[in-house]
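>>> sequence and predicted structure are below.
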Amino acid sequence: MSQSAPTPSLAGQTAIVTGASSGIGASCAVELGRAGARVVVNYRGSRDGADATVAAIRALGGEAEAVQADVSKEEDVIALFDASQARFGPPDIVVSNAGLQRDKPVADMSLDDWNAVISVNLTGGFLVGREAIRRFRAKGLREDVSRALGKLVFDSSVHQRIPWAFRVNYAASKGGLKLLMESLAQEVAPERIRVNAVAPGAIATDINKAEREKAGGETDMLKLIPYGRIGEPADIGRAVAWLVSDAADYITGQTLFVDGGMTLYPEFRGNG
């Protein structure tokens, strides 16, 4: 895991990060741990990956625990929060990161392909967000720890804004997540619960490894990124750690695009 610039302290706070056994979720968990939060590392299938994330946090001197749960299942989500509360107390920070892709042209996409992506990316976001808000309310405000009652962050995508052919299920899930986030933020802001999202662009993870490593793949990808580099998972982790800190206390209902300028539509530079 890469080093980072100093982040405002999250000491005394408990964080839950879903889908934290690899990639962006793992980096979010590590950066929250680096900032002082106790971290529950959720995973669905890869216990080894979750254990590696836990080990990375502990190596920084932090506290972490791995908890298995499938975020598309209501009973699993409730059990995840119960286990977290039993270990570290009620959550102050929840990062709803778990997600998946099943890419196919629309004419070849099965209903199972559609439902699998929607159930994890969008319904899972709803289930995790709803339970987070319930637990924040039950916990009560602790101003000695944070100015907010709770902080909820969704991991969205540039594809909440940019259409994505051959991946209509994924793009639809992220478009829905945008309005889920904004509607929740509007509903609970008077309670001092902050709800936001991060929207990664091209980040070097296992999801796009094959695409990056094929002949010309990285070059083609860089054409879509004005800043000239593919992002690292830690770019998102650092953004999340800042977004849930009191340094960002007046921010709610917003999507922070962390994309090297991808949403600037660079293919139009000098054209059109």
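That came in fine, so what should we check first?
>>> could you say which helix or strand contains Glu65?
Assessed by DSSP states H and E, Glu65 sits inside strand 64-68.
>>> so what does whichever helix or strand comes after that strand touch, helix or strand wise?
With elements assigned by DSSP H and E, the helix or strand that comes after strand 64-68 is helix 74-88. With contacts taken as 3 or more Cβ pairs under 8 Å, 6 or more residues apart in numbering; DSSP states H and E, helix 74-88 sits against strand 14-17, strand 38-43, strand 64-68, helix 124-139. All C-beta atoms are positioned from the backbone trio N, CA, C, and that covers glycine.
>>> what strands flank the second one, and is each parallel or antiparallel?
Counting by DSSP bridges, the strands paired with strand 38-43 are strand 14-17 (parallel), strand 64-68 (parallel).
>>> which of the residues in the shortest one are buried?
By neighbour count, and taking 16 or more other Cβ atoms under 10 Å as the criterion, the buried residues in strand 14-17 are Thr14, Ala15, Ile16, Val17.
>>> any idea how far the second one is from Leu100?
Ala15 sits 22 Å away from Leu100 when distances are taken as Cβ to Cβ, to the nearest Å.
>>> now the strand holding Glu65: buried residues?
Here strand 64-68 shows Ala64, Glu65, Ala66, Val67, Gln68 as buried, counting by 16+ other Cβ under 10 Å.
>>> for this structure, what's the longest helix?
Longest helix in the chain, counting residues (DSSP state H): helix 168-188.
>>> next SSE after that one?
strand 193-200.
>>> what's the weakest-modelled helix or strand in this structure?
The weakest-scoring helix or strand in the chain, judged by mean pLDDT, DSSP states H and E, is helix 209-213 (a mean of 76).
>>> what does that helix rub up against?
Ala204, Gly217, Glu218, Met221, Ile230 (Cβ atoms under 8 Å, 6 or more residues apart in numbering).
>>> pull that helix out as PDB, backbone CA atoms only.
Extracted in PDB, the C-alpha atoms of helix 209-213 (Å, rounded to 0.1, in the frame of the first residue of the first chain):
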ATOM      1  CA  LYS A 209      -6.200  -5.800 -15.600                       C
ATOM      2  CA  ALA A 210      -6.800  -7.800 -18.700                       C
ATOM      3  CA  GLU A 211      -7.800  -4.700 -20.600                       C
ATOM      4  CA  ARG A 212      -4.700  -2.800 -19.500                       C
ATOM      5  CA  GLU A 213      -2.300  -5.600 -20.200                       C
END
